[in-house]
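Chemist: I'll drop the sequence and a predicted model, then ask my questions.
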Amino acid sequence: MAKQDGKKKKTDYKALEKFVGSMIEAVDEQVDKAVLYHKRGEYEIPYDELYKYNPFDYELFAKMLAEREEVNTACSVDDEEVVRIFLAPKFVYTEDDSHLKVITQKEFELMSAKHLLWLENGLGEQADFSNCLLRDLEMSARWLENMIFDNAKIIDSRMNGANVNASSFKGTRIIKTECMEMTAIDSDFTGAKFSNCDLSRADMTSSNLTKTAFWDCDFYNSVLRESCLEKTKFHRTDIEDCDTTDCVYDEQEWTAQKNGLKLGEM
């Protein structure tokens, strides 16, 4: 009988466990993102997304994807890198935005111009984008202070460097939108949902983020100082580099502090 001493079971190999764990994490995360962010059943995987999985095997990754019920058997593979996922029909979900008013770039510019007049001398009109659909709009470096975006949907747009101080985003869905260096001081994001947004170096000081949810967002060097984070959720979103100094986790207490009151005086 052959001597078995010194032989390892397959579960004893730590390197194998690490590899298996990395591959499962890669497939699970990318399929979840495909279901959340696909366009007409197709989702393109950013190259840098795959670099973070280590160890990683492209060929095995494609085979594992093909075994998922959410994914069709055909995945596009170029130069050993999987670049697109095609979802199975039953997982291709399109939101019904028919109840939202579509805002074009031209309409946005006109409403913004009237809003600036309203801010300066009250002769214009406050911009109210409540229940509107703002898709693929350029709003970067704009003065959007004190605007209303309640229950709107902002998708595939750019708000880099925009000033949205004191604006209202209650219940707003902000999806795949660039918000780098956006200033949103004293703004209300109660119940808002951010998905796949770049908020790096954004300043959201003293804002209400009660019940706000962030999915797959970038918060590199952002500021949440003195904001309300009651029931705020950060899903696959790292806030380690954020400034969360003096944040409050109770909305009633936070409101009292902003009004210069003690909680018992409200």
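Modeler: On my side now, so go ahead.
Chemist: Please make it C-alpha for all contacts and neighbour counts, starting now.
Modeler: OK.
Chemist: Please confirm that F214 is located within a strand.
Modeler: Yes - according to DSSP: H, G, I helix; E, B strand; the rest coil, F214 belongs to a strand.
Chemist: can you pull out the strands in the chain?
Modeler: With DSSP state E, the ranges of strands along the chain come out as 42-44, 76-78, 81-86, 101-102, 132-135, 153-155, 173-175, 193-195, 213-215, 233-235.
Chemist: would TSV of these with distance to K258 and mean neighbour count be doable?
Modeler: Below are the strands of the chain laid out as TSV (distance: least, C-alpha to C-alpha, whole Å; neighbours: other C-alpha atoms under 10 Å):
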stretch	distance to K258	mean neighbour count
strand 42-44	43	18
strand 76-78	53	12
strand 81-86	47	20
strand 101-102	34	16
strand 132-135	30	21
strand 153-155	29	22
strand 173-175	26	22
strand 193-195	24	22
strand 213-215	23	20
strand 233-235	22	14
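Chemist: Out of those, flag the one nearest E67.
Modeler: With C-alpha to C-alpha as the measure, strand 81-86 is the member of the strands of the chain nearest E67 (12.3 Å).
Chemist: mean confidence score for the closest one?
Modeler: Strand 81-86 shows a mean pLDDT of 75.
Chemist: Was I right to think I103 contacts C132?
Modeler: Yes - in this structure, I103 is within contact of C132 by C-alpha atoms under 8 Å, at 6.6 Å.
Chemist: mind listing what H99 touches?
Modeler: N131 (C-alpha atoms under 8 Å, 6 or more residues apart in numbering).
Chemist: circling back: export the strands of the chain to TSV and append columns for distance to L224.
Modeler: As requested, these are exported to TSV (distance: least, C-alpha to C-alpha, whole Å):
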stretch	distance to L224
strand 42-44	31
strand 76-78	40
strand 81-86	34
strand 101-102	31
strand 132-135	25
strand 153-155	21
strand 173-175	18
strand 193-195	15
strand 213-215	13
strand 233-235	13
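Chemist: need the least confident one among those, by mean pLDDT.
Modeler: Mean pLDDT, when computed for each of the strands of the chain, is lowest for strand 76-78, at a mean of 60.
Chemist: which intervals of the stretch 51-200 of the chain have sub-threshold pLDDT?
Modeler: Within the stretch 51-200 of the chain, the ranges that satisfy pLDDT under 70 run 73-82.
Chemist: which residues of it fall in helices?
Modeler: 58-66, 105-121 (DSSP state H, counting those that start in this stretch).
Chemist: Go through the first one and flag the buried ones.
Modeler: Translated: helix 58-66. Across helix 58-66, burial judged by 16 or more other C-alpha atoms under 10 Å covers 61-62, 64-66.
Chemist: Can you dump the C-alpha atoms of that helix in PDB for me?
Modeler: Presented in PDB, the C-alpha positions along helix 58-66 are these (Å, rounded to 0.1, in the frame of the first residue of the first chain):
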ATOM      1  CA  TYR A  58      -9.700  34.900 -18.600                       C
ATOM      2  CA  GLU A  59     -10.600  31.600 -20.200                       C
ATOM      3  CA  LEU A  60     -12.000  30.200 -17.000                       C
ATOM      4  CA  PHE A  61     -13.900  33.400 -16.400                       C
ATOM      5  CA  ALA A  62     -15.600  33.200 -19.800                       C
ATOM      6  CA  LYS A  63     -16.600  29.600 -19.100                       C
ATOM      7  CA  MET A  64     -18.000  30.400 -15.700                       C
ATOM      8  CA  LEU A  65     -20.000  33.300 -17.100                       C
ATOM      9  CA  ALA A  66     -21.500  30.900 -19.700                       C
END
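Chemist: Now do the residue most central in space within the chain against I103, distance only.
Modeler: The residue lying closest to the centre of the chain (C-alpha atoms, centre = their mean) is S195, at 2.6 Å. In this structure, S195 and I103 are 20 Å apart, going by C-alpha to C-alpha, to the nearest Å.
Chemist: Thanks again, I'm all set now.
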